[in-house]
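Chemist: Build the 3D model from these lines:
(4 chains)
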Number of protein chains: 2
Amino acid sequence: MSPSSQPFAHMLTRKLETVLTLSDRERAAIGALPAQSLNLKRNHDIVREGDRPGRCCVIVDGIACWFKLGGTGSRQILSFHIPGDIPDLQSLHLDVLDSSLMTVSPCQVVFIPHEPLRQLCNEFPRLNHVFWRWSLVDAAIFREWVMNLGGRPGESRIAHLLCEMFVRLQHVGLAEDDSCHIPMTQSELADATGLSAVHTNRVLQSLRAAKLITLAGSRLTVTDWAGLQEVGDFDPTYLHLGKNGTSGKPN
Amino acid sequence: MSPSSQPFAHMLTRKLETVLTLSDRERAAIGALPAQSLNLKRNHDIVREGDRPGRCCVIVDGIACWFKLGGTGSRQILSFHIPGDIPDLQSLHLDVLDSSLMTVSPCQVVFIPHEPLRQLCNEFPRLNHVFWRWSLVDAAIFREWVMNLGGRPGESRIAHLLCEMFVRLQHVGLAEDDSCHIPMTQSELADATGLSAVHTNRVLQSLRAAKLITLAGSRLTVTDWAGLQEVGDFDPTYLHLGKNGTSGKPN
DNA sequence: CGAGTACTTGACACGTTTCAACATCCGTGG
DNA sequence: CCACGGATGTTGAAACGTGTCAAGTACTCG
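Modeler: Got it, this is the predicted structure:
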């Protein structure tokens, strides 16, 4: 439908081929998906709680997050999404959105209408399985966040979140040996971990003092992976990345 | 495979028919699913983190929960499951379990091997959609729990959890006008809300003192639904129960 | 250069945890 | 049937983690 589908189709096929080998027909069907590309500034809503979207969005570049607003005005971030993710795959089968999706950094997103996606799933059961699987991995991440928020002290929560982001970014080739670009503000890290911004700041300083990380600007460098993993009680199994990703270890 | 499939197939078709009208072929295929029934005492593991199960389980009677154990020995409960639920639908597409499932009360569970389930999904796209949808509703509940644990004070967390359980039980016909059977101990409520058992006890007393609930033995009576919903910041949208369930209000 | 945003620091208040003791309930075996 | 023992629920007091408020510093971008 638009030439902008090119980069997105390439990204999608590449991600699919980490799981299976696409047939020519499958590859062609994906390339033929109608798509609309959009460049968004940071702090921009993509879809909102209560919406009934008729399309899914693929994050091509940048980082986005799901969030909910509480009755008292507080914002809870539910998950982060990185390039290659389809955050709102759920909207294929759940009519109304129960949370809102916004950009955390400047983002390029691509929208694909539901109907062709559903047809793709019906025609190619293997793709249907993979999409379903992706939504299940999202659920697994939510489970781990429940664990993180309910079962760990502040320092562990932040450490765990940093571990998760690092491993996920590394898995899609967006991390160097021991560092990656993390555009979240401390206030956003706070909303994701259920801590106050002030306390998040102190926890970060404590992690720096323990020589586990450096975090300047939006560059995270993990100087002691084993230590960070230990403090964060982090085990990457829940990310379901497969054999090599299972270790989740840099280098 | 066993006569024990009868009650489970009935329960499953009934739940499916709240969403769509089954064809005779679909109904027959479900009735033909092999099934193995099991009666378990309370506090019994059904599947464990790290397992690679070859079957899914349906809760026919009783309540079960997902949980994870933290590095420091703490247990975090991730969700509760009630009769009609298929808690580990995820295992259809994720090989290794990232958390453990145990009974909270005495339970009857039925196991269905993965292969016939996958065949069912491939042969009947509508059933595939519904199963996928159920796993998405589970994910939506996890999201709300992230909100609950990260964004609300203790009293709200407990109130919210009680609201959720009441509405879900009511939706499957397991609640009276304003009361239902909730077999969780205070210690389990604590592990689900990220509070200590002692504080959970105090919060419950506070809810009782505010005349919102009575909770004796395992009988929960909601004496002020609007008030409980208010305290718990509860909006049932995330349960995706559909039109009548949307209100989630007991008569 | 200025203004807004992000980050940092200190002091104090409050929610929640922890520990310890005790009360109550309930199934089990004598 | 009762007595017992363990799990569950309840209460008090003190310690601790984290939140809140307030002020100030360091960025960044136009």
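
Chemist: Give me every residue in the stretch 151-251 of chain A that's in contact range of DNA strand C.
Modeler: Taking Cβ under 7 Å from any atom of the strand as the test, the list of the stretch 151-251 of chain A residues beside DNA strand C reads A:Thr185, A:Gln186, A:Ser187, A:Ala197, A:Val198, A:Asn201, A:Arg202, A:Leu204, A:Gln205. The C-beta positions use only the backbone N, C-alpha and C, and glycine is treated the same way.

Chemist: go with 10 Å
Modeler: A:151, A:153, A:182-190, A:196-206, A:208-209, A:215-218 (Cβ under 10 Å from any atom of the strand).

Chemist: Check the residues you listed for burial and list the buried ones.
Modeler: A:Gly151, A:Ile182, A:Pro183, A:Met184, A:Gln186, A:Glu188, A:Leu189, A:Ala190, A:Thr200, A:Val203, A:Leu204, A:Leu215 (16 or more other Cβ atoms under 10 Å in any protein chain shown).

Chemist: In this structure the last one contacts A:Ile182, no?
Modeler: Yep, that's A:Leu215 we're talking about. Yes. Using Cβ atoms under 8 Å, A:Leu215 makes contact with A:Ile182 at a distance of 7.5 Å.

Chemist: ok so, going back, from the residues of the stretch 151-251 of chain A next to DNA strand C, which are also near chain B?
Modeler: A:Gly151 (Cβ under 8 Å from any Cβ of the partner chain).

Chemist: So which of the residues of the stretch 151-251 of chain A next to DNA strand C are in strands?
Modeler: A:Leu215, A:Ala216 (DSSP state E).

Chemist: In helices, which of the residues of the stretch 151-251 of chain A next to DNA strand C fall?
Modeler: Taking DSSP state H, the ones among those that sit in helices are A:151, A:186-190, A:197-206, A:208-209.

Chemist: Close to DNA strand C: what parts of the stretch 1-150 of chain A are there?
Modeler: A:Arg42, A:Asn43, A:Val104, A:Gly150.

Chemist: Name the member of those residues with the most neighbours.
Modeler: Neighbour counts for those, by other Cβ atoms under 10 Å in any protein chain shown, peak at A:Gly150, which reaches 27 neighbours.

Chemist: could you say what helices and strands whatever helix or strand A:Arg168 lives in packs with?
Modeler: Using DSSP states H and E, A:Arg168 falls within helix A:154-171. Secondary structure elements in contact with helix A:154-171, counted by 3 or more Cβ pairs under 8 Å, 6 or more residues apart in numbering or on different chains; DSSP states H and E, are helix A:125-151, strand A:179-181, helix A:186-193, helix A:197-209, strand A:219-222, helix A:225-232.

Chemist: Go again with 6 Å.
Modeler: Under the contact criterion of 3 or more Cβ pairs under 6 Å, 6 or more residues apart in numbering or on different chains; DSSP states H and E, helix A:154-171 touches helix A:186-193, helix A:197-209, helix A:225-232.

Chemist: Show the pLDDT at the residue of the stretch 1-150 of chain A found nearest DNA strand C.
Modeler: Among all residues of the stretch 1-150 of chain A, A:Asn43 sits closest to DNA strand C, at 7.2 Å; criterion: Cβ to the nearest atom of the strand. On pLDDT, A:Asn43 comes in at 96.

Chemist: and if you look at A:Gly73?
Modeler: Confidence for A:Gly73, expressed as pLDDT, is 87.

Chemist: can you check A:Ser247 too?
Modeler: In this model, A:Ser247 is scored at 39, pLDDT.

Chemist: what are the phi and psi angles of the closest residue to A:Val137 other than its chain neighbours?
Modeler: Computed as Cβ to Cβ, 6 or more residues apart in numbering or on different chains, the closest residue to A:Val137 that is not its neighbour in sequence is A:His240, at 5.0 Å. Main-chain dihedrals, A:His240, degrees, to the nearest 10: phi 50, psi 50.

Chemist: Just give me the residue closest to the centre of chain A.
Modeler: Chain A has A:His81 as the residue nearest its centroid, 2.1 Å off, counting by Cα atoms, centre = their mean.

Chemist: so which of the residues of the stretch 151-251 of chain A next to DNA strand C also contact DNA strand D?
Modeler: A:153, A:190, A:196-203, A:206, A:216-218.

Chemist: who touches A:Ser23 in this structure?
Modeler: The contact partners of A:Ser23, by Cβ atoms under 6 Å, 6 or more residues apart in numbering or on different chains, come to none.

Chemist: Pull up the gap between it and A:Trp134, please.
Modeler: Using Cβ to Cβ, to the nearest Å, A:Ser23 is found at 19 Å from A:Trp134.

Chemist: now do A:Leu189
Modeler: A:Leu189 is 25 Å from A:Trp134, by Cβ to Cβ.

Chemist: repeat for A:Ser218
Modeler: With distances taken as Cβ to Cβ, A:Ser218 is found 26 Å from A:Trp134.

Chemist: Are we agreed that A:Ser79 is in a strand?
Modeler: Yes. Looking at A:Ser79 with DSSP: H, G, I helix; E, B strand; the rest coil, it is inside a strand.

Chemist: Now it: closest residue in space that isn't a chain neighbour?
Modeler: Residue nearest to A:Ser79 in three dimensions, not counting chain neighbours: A:Trp66, with 5.1 Å by Cβ to Cβ, 6+ apart.

Chemist: Specify the local secondary structure of the one you found.
Modeler: Under three-state DSSP, A:Trp66 falls in the strand class.

Chemist: Show me what the residue nearest to the centre of chain A is bridged to.
Modeler: A:Ala64 (DSSP bridges).

Chemist: dump the residue contacts of it.
Modeler: Residues near A:His81 by Cβ under 6 Å, 6+ apart: A:Ile59, A:Ala64, A:Pro87.

Chemist: Which ones among those also lie next to DNA strand D?
Modeler: Counting by Cβ under 10 Å from any atom of the strand, no member of these is near DNA strand D.

Chemist: What is the burial count for the nearest residue to A:Gly71 once chain neighbours are set aside?
Modeler: Nearest residue to A:Gly71 in three dimensions, chain neighbours excluded: B:Asp233, at 4.1 Å (Cβ to Cβ, 6+ apart). Neighbourhood size, B:Asp233 [other Cβ under 10 Å]: 21.

Chemist: B:Asp233: what's it in contact with?
Modeler: Residues near B:Asp233 by Cβ under 6 Å, 6+ apart: A:Gly70, A:Gly71, B:Ser156.
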